[in-house]
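Novice: coords please:
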Amino acid sequence: MTLDDRVRYATAKVRNIVYYRLDVEENNAERYRCQYMHVLRQYRKLLVDLVNDLGPSDPRTGWFEGLIDIIDPKVKSNECLSTIEDLEWYINNEQ
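Specialist: As a prediction, this is how the structure comes out:
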């Protein structure tokens, strides 16, 4: 997978996380029990690897570092909703 493909994947993944937690689960009570702790932790690791590969001179690095700052490396289940809401605000206001 090329670096540009990884950037597109990371961008799409954060949008999907936000969409499924804030839109789909809010309207479908059966899905409300889904867990996001491991999804967020894994996504943060993906972002850290991506930022390391992009390097400091790439203009996209800052945006992805902002996402990393939002997700606690040890995010807990009870913090997932607020973290995802912060991610939603970030992707809607910081591009």
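
Novice: Please make it C-alpha for all contacts and neighbour counts, starting now.
Specialist: OK.

Novice: Just the mean pLDDT for stretch 49-64, thanks.
Specialist: Stretch 49-64 carries an average pLDDT of 95.

Novice: With stretch 72-86 instead?
Specialist: Mean predicted confidence for stretch 72-86 is 93.

Novice: repeat for stretch 1-19
Specialist: 95.

Novice: Using PDB, write out every CA atom in that stretch.
Specialist: Extracted in PDB, the C-alpha atoms of stretch 1-19 (Å, rounded to 0.1, in the frame of the first residue of the first chain):
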ATOM      1  CA  MET A   1       0.000   0.000   0.000                       C
ATOM      2  CA  THR A   2       1.400   3.400  -1.000                       C
ATOM      3  CA  LEU A   3       1.800   6.200   1.400                       C
ATOM      4  CA  ASP A   4      -1.000   8.100  -0.300                       C
ATOM      5  CA  ASP A   5      -3.300   5.100   0.000                       C
ATOM      6  CA  ARG A   6      -2.500   4.900   3.700                       C
ATOM      7  CA  VAL A   7      -3.400   8.600   4.100                       C
ATOM      8  CA  ARG A   8      -6.800   8.000   2.300                       C
ATOM      9  CA  TYR A   9      -7.400   4.900   4.400                       C
ATOM     10  CA  ALA A  10      -6.700   6.800   7.700                       C
ATOM     11  CA  THR A  11      -8.900   9.700   6.700                       C
ATOM     12  CA  ALA A  12     -11.800   7.400   5.700                       C
ATOM     13  CA  LYS A  13     -11.400   5.300   8.900                       C
ATOM     14  CA  VAL A  14     -11.900   8.200  11.200                       C
ATOM     15  CA  ARG A  15     -14.900   9.400   9.300                       C
ATOM     16  CA  ASN A  16     -16.400   5.800   9.500                       C
ATOM     17  CA  ILE A  17     -15.700   5.600  13.300                       C
ATOM     18  CA  VAL A  18     -17.500   8.900  13.800                       C
ATOM     19  CA  TYR A  19     -20.400   8.000  11.500                       C
END
